[in-house]
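Trainee: Curious how this folds, go ahead:
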Amino acid sequence: MNTKLIEILLAEDNDDDVVLIEEAFVEAKIANCLHVVRDGQEAIWYLRQEGEYKDVSRPGLLLLDINMPKKNGFEVLKEIKADTALRRIPVIMLTTSNRDEDIIKSYDEGACTYIRKPVDFDRLKDVVKQVALYWGLVATLPSK
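Mentor: This next block holds a predicted model:
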């Protein structure tokens with residue numbers, strides 16, 4: 001199987017989760033480029049290629065946590081979907097919340113998928129691998 005390499009942005013403020021997700025990418029032998037931002041405002045700057053992010057490539061996929069400082073995941077999602085330059089970027093809510101209200105709000109605001117972060121590393125690795133394979137092999141993403 002030959003997957004397309006896509007740039008993936010992870011918006012996550014929890015250092016432990018960042019390390020686990022990065023390790024899951026390595027363990028699952030996922031070659032996609034994973035970039036990390038630590039809060040919602042930083043995610044917006046990255047996506048809009050502003051400030052220190054002016055030279056980055058716009059990602060083809062966003063993994064977005066709900067509970068982040070400065071702007072939470074819902075605020076980021078709403079801003080992305082209101083921006084004609086960003087609205088086509090697929091957003092996966094990757095969070096610890098299993099609240100029905102959060103799931104419903106994520107889909108209502110335009111998320112394409114809602115995934116509850118597994119606490120078990122092996123399960124997290126499986127989830128990361130499935131996400132990367134789906135978005136790199138099965139899904140058709142818009143060109144830049």
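
Trainee: what's near enough to touch Leu9?
Mentor: By C-beta atoms under 8 Å, 6 or more residues apart in numbering, the residues touching Leu9 are 35-37, 43, 46-47, 59, 61-63. For every residue, glycine as well, the C-beta is placed using N, CA and C.

Trainee: what about the strands in this structure?
Mentor: Taking DSSP state E as the criterion, the chain carries its strands at 7-11, 33-37, 61-64, 91-95, 113-116.

Trainee: follow-up on the earlier one: tell me the one among the contacts of Leu9 nearest to Ala28.
Mentor: Leu63 (14.0 Å; C-beta to C-beta).

Trainee: Show me the beta-bridge partners of the residue nearest the centre of the chain.
Mentor: The centre of the chain sits closest to Leu63, judged by C-alpha atoms, centre = their mean, with a distance of 1.0 Å. Applying DSSP bridges to Leu63 gives these bridge partners: Leu10, Ile92.

Trainee: Distance of it relative to Gly73?
Mentor: 10 Å (C-beta to C-beta, to the nearest Å).

Trainee: Find residues that contact each of these two.
Mentor: Ala11.

Trainee: still on that earlier bit, and of the strands of the chain, who's closest to Ala139?
Mentor: Using C-beta to C-beta, the strands of the chain put strand 61-64 closest to Ala139, at 9.0 Å.

Trainee: Name the residues that touch that closest one?
Mentor: So strand 61-64 is contacted by 6-12, 21, 43, 47, 73, 76-77, 80, 89-95, 111, 131, 135, 141 (C-beta under 8 Å, 6+ apart).
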